[in-house]
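Peer 1: Got a sequence here, can you model it:
(chains A and B)
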Number of protein chains: 2
Amino acid sequence: MTYCVALKLNAGLVFLSDSRTNAGLDQIGTFRKMIVYEKPGERFMVLLSAGNLSISQSVREILQVEQIKEHDTGEPITIWNAKSMFDAVRVLGAAVRHVYERDGASLKKAGVDFNVSLIFGGQIKGEGMRLFQVYSPGNFIEATPETPYFQVGESKYGKPVLDRVITPDTPLNEAAKCALVSMDSTLKSNLTVGLPLDLVVYEADRFQTDKVVCIDENNPYFRMMHGSWGQKLREVFDSIEDPMWNGGHTDVPLMVSSSHAKPLKKITTPEERLI
Amino acid sequence: MTYCVALKLNAGLVFLSDSRTNAGLDQIGTFRKMIVYEKPGERFMVLLSAGNLSISQSVREILQVEQIKEHDTGEPITIWNAKSMFDAVRVLGAAVRHVYERDGASLKKAGVDFNVSLIFGGQIKGEGMRLFQVYSPGNFIEATPETPYFQVGESKYGKPVLDRVITPDTPLNEAAKCALVSMDSTLKSNLTVGLPLDLVVYEADRFQTDKVVCIDENNPYFRMMHGSWGQKLREVFDSIEDPMWNGGHTDVPLMVSSSHAKPLKKITTPEERLI
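Peer 2: Below you'll find the predicted structure:
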């Protein structure tokens, strides 16, 4: 599988992806799931992909030449000349539909879902940063201040820490740290997500970045974060009192049912019913 | 949806379930997903259920009267006379198959999967504690020292903390705390899991328990745990240094690609290809 996450903060954008791809347990490979498109000073875009690798690779290939036509002028729009991220993501949606037209019927015959999930974000000169999630049918949604991040792939293990930490005001490097913690939890609990990771941090209104890094098991920051997080999480866990059932320590809140919450009735004979 | 978790420790068993049931977003209900079967001094069993509520309720109803026949003696075995938890879980598997025979075809016609996931654990005098997960076809697996817990329902959000903390040597109350933290993460990230919770802690070789509690938003321990965990998690998060990209602070490990991990090549023109 895959885990990719992208965050849209006021200060910029963070993109993080793993590189494990598998089709069954013995066909495991390393494939990068991120592409950075950059025309310095003018446009900066990042694409993250999850789902069927043959589909996402085709989408990435086609995206470079995909065009949509402007209704009024008939001018072809590509990701390289689009005047807005909204137009650029429409080009991406069209690329997904192109691949569907080519492969959809054959995949269906073979019993394979047309399954691809994409995150596409960035900034084009003249407007603010934007972040989109694109679905298999080529439709898409945009991140908002209320929901400033998107995840694709194995998203659940790493969601709680994002929900606890991320707001639009989160500073960029703190958001990068949060994405890495989210990835670390996913790596811990799911074998189908694996190193190396690709991390990109983009500062608002720069239209380029040099913060592009590939993180493997030797990365000094990730090693420190991985070790500290596991150890400190354990310390926090240990620092919370265990439940007390009988009031032995009066300073620990009791584990008791309140007056409104009735404990379960036990079933003690074959004749009894719950209801 | 649902989240249920059960842990088998050397010291005993822990069972925890939520009570949110939904069929669509506007049909939300509270249904207990745990049943405790207790014949003090002789047998203690707990059943947790996830999946289609009509199926799991039928299984629970039938289980009280379900019988399987011993091959050699022809004696009927029920959960109330089974001499081992293995026999008891076979009775449970038979109850699932009974419901499938009754409802399976009609559900299939309606396009509804026959979907039920059960956790069943406990102890019968004469053998040690045992913990099983039972699938929709009525087959089952047993927890082992290497995998001392089972989850059903929305299991992913709460898995990382279990993976970090739980071993067979974990003390009972610490395991209960861990199950509650796991539940807390799930509640935080998934609306379809909700209070109140049912928690049961069973000490080995007691064949009964008085540690049965229903936890709602007024439970003093859960309130403390929920608040402390969120706050301290945040403190731990803040205590880990943000990534440094340019060596500004020499004491923070750098965020740099190692020699083996090449950063992504950027695409800068429409003609470029990744590969």
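Peer 1: what about the nearest residue to A:Lys232 once chain neighbours are set aside, how many neighbours?
Peer 2: Leaving out its chain neighbours, the residue that sits closest to A:Lys232 by Cβ to Cβ, 6 or more residues apart in numbering or on different chains is B:Val236, at 4.3 Å. To be clear about C-beta, it is placed using only N, CA and C from the backbone, and glycine gets the same treatment. Residues contacting B:Val236 under the criterion other Cβ atoms under 10 Å in any protein chain shown number 18.
Peer 1: Repeat that for A:Val152.
Peer 2: By other Cβ under 10 Å, 23 other residues sit near A:Val152.
Peer 1: quick one: contacts for the nearest residue to A:Asp169 once chain neighbours are set aside?
Peer 2: With Cβ to Cβ, 6+ apart as the criterion, A:Asp169 has its nearest non-adjacent residue at 6.2 Å, and that residue is A:Asn10. Residues in contact with A:Asn10, defined by Cβ atoms under 8 Å, 6 or more residues apart in numbering or on different chains, are A:168-169, A:204.
Peer 1: In contact with A:Thr192: list those residues for me.
Peer 2: Taking Cβ under 8 Å, 6+ apart, we find A:Thr192 in contact with A:1-2, A:20, A:22, A:154.
Peer 1: hmm, try it at 7 Å
Peer 2: Each residue near A:Thr192 by Cβ atoms under 7 Å, 6 or more residues apart in numbering or on different chains is listed here: A:1, A:20, A:22, A:154.
Peer 1: Between these, which has the least confident prediction?
Peer 2: When the contacts of A:Thr192 are compared by pLDDT, A:Asn22 scores lowest at 73.
Peer 1: Bridging across strands, which residues link to that one?
Peer 2: A:Ile28 (DSSP bridges).
Peer 1: wait, is the residue nearest to A:Lys232 part of a helix?
Peer 2: Yes. Per DSSP: H, G, I helix; E, B strand; the rest coil, B:Val236 lies within a helix segment.
Peer 1: which residues touch it?
Peer 2: A:232-233, A:236.
Peer 1: make it 10 Å
Peer 2: Counting by Cβ atoms under 10 Å, 6 or more residues apart in numbering or on different chains, B:Val236 touches A:181, A:228-229, A:231-236.
Peer 1: The closest residue in space to A:Val165 that isn't next to it in sequence: what secondary structure?
Peer 2: Excluding the flanking residues, the one nearest A:Val165 by Cβ to Cβ, 6+ apart is A:Cys178, at 4.7 Å. Look at A:Cys178: counting by three-state DSSP, its state is helix.
Peer 1: Am I right that A:Cys178 is in contact with A:Pro160?
Peer 2: No. Contact between A:Cys178 and A:Pro160 fails when scored by Cβ atoms under 10 Å: they sit 11.2 Å apart.
Peer 1: quick one: A:Leu233 and B:Cys178 touch, right?
Peer 2: No. Using Cβ under 10 Å, A:Leu233 is not in contact with B:Cys178; the gap is 11.4 Å.
Peer 1: So between those two, which is more surrounded?
Peer 2: Neighbours were counted for A:Leu233 and for B:Cys178 using other Cβ under 10 Å; B:Cys178 has more, 25 against 22.
Peer 1: The residue nearest to A:Asp169 and A:Pro148, how far apart?
Peer 2: 9 Å (Cβ to Cβ, to the nearest Å).
Peer 1: what touches both of these two?
Peer 2: Here A:Asn10 and A:Pro148 share the contacting residues A:167-170, scored by Cβ under 10 Å, 6+ apart.
Peer 1: quick check, nearest of these to chain B?
Peer 2: For the shared contacts of A:Asn10 and A:Pro148, the minimum distance to chain B (Cβ to the nearest Cβ) is 10.7 Å, reached by A:Thr170.
Peer 1: one step back: need the contacts of A:Asn10 in CSV (columns: secondary structure).
Peer 2: Output for the contacts of A:Asn10, formatted as CSV (three-state DSSP):
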residue, secondary structure
A:Pro168, coil
A:Asp169, coil
A:Ala204, coil
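Peer 1: where's A:Val181 relative to A:Lys156, distance?
Peer 2: From A:Val181 to A:Lys156 the distance is 15 Å (Cβ to Cβ).
Peer 1: So the closest residue to A:Glu235 other than its chain neighbours versus B:Ser182, what's the distance?
Peer 2: Excluding the flanking residues, the one nearest A:Glu235 by Cβ to Cβ, 6+ apart is B:Val236, at 7.8 Å. For B:Val236, the distance to B:Ser182 equals 17 Å [Cβ to Cβ].
Peer 1: Run a quick check on A:Lys262 versus B:Ser19, I expect a contact.
Peer 2: No. Taking contacts as Cβ under 10 Å, A:Lys262 lies outside contact range of B:Ser19: 11.7 Å.
Peer 1: one step back: so what sits against both of A:Leu233 and B:Cys178?
Peer 2: B:161, B:164-165.
Peer 1: Tell me the buried residues in the helix or strand containing A:Arg164?
Peer 2: Per DSSP states H and E: A:Arg164 is located in helix A:159-165. Neighbour-count burial for helix A:159-165, counted by 16 or more other Cβ atoms under 10 Å in any protein chain shown, picks out A:159-162, A:164-165.
Peer 1: Out of the shared contacts of A:Asn10 and A:Pro148, grab the one that's most surrounded.
Peer 2: A:Thr170 (20 neighbours).
Peer 1: could you pull out the helices for the stretch 101-250 of chain A?
Peer 2: A:159-165, A:172-189, A:220-239 (DSSP state H, counting those that start in this stretch).
Peer 1: most tightly surrounded among these?
Peer 2: Most buried of the helices of the stretch 101-250 of chain A, by mean neighbour count (mean count of other Cβ atoms under 10 Å in any protein chain shown): helix A:172-189, with a mean of 24.
Peer 1: got the angle between that helix and helix B:172-189?
Peer 2: Calculated by axes from the mean of the first three to the mean of the last three Cα atoms, to 10 degrees, helix A:172-189 forms an angle of 120 degrees with helix B:172-189.
Peer 1: mean confidence score for helix A:172-189?
Peer 2: For helix A:172-189, the per-residue pLDDT averages 92.
Peer 1: so it versus helix B:220-239, what angle?
Peer 2: Using the same axes, to 10 degrees, the direction of helix A:172-189 lies 120 degrees away from that of helix B:220-239.
Peer 1: for chain A, which spans come out with low pLDDT?
Peer 2: Along chain A, segments meeting pLDDT under 70 span A:23-25, A:247-252, A:274-275.
Peer 1: That one: strands as residue ranges?
Peer 2: Counting by DSSP state E, chain A has strands at residues A:3-8, A:12-17, A:20-22, A:28-30, A:34-39, A:43-51, A:68-69, A:76-77, A:116-124, A:130-134, A:140-142, A:149-153, A:197-203, A:212-215.
Peer 1: In a markdown table: these, plus distance to B:Asn81.
Peer 2: Shown next, in a markdown table, are the strands of chain A (distance: least, Cβ to Cβ, whole Å):
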| stretch | distance to B:Asn81 |
| --- | --- |
| strand A:3-8 | 48 |
| strand A:12-17 | 56 |
| strand A:20-22 | 46 |
| strand A:28-30 | 48 |
| strand A:34-39 | 60 |
| strand A:43-51 | 51 |
| strand A:68-69 | 71 |
| strand A:76-77 | 74 |
| strand A:116-124 | 52 |
| strand A:130-134 | 55 |
| strand A:140-142 | 56 |
| strand A:149-153 | 48 |
| strand A:197-203 | 55 |
| strand A:212-215 | 58 |
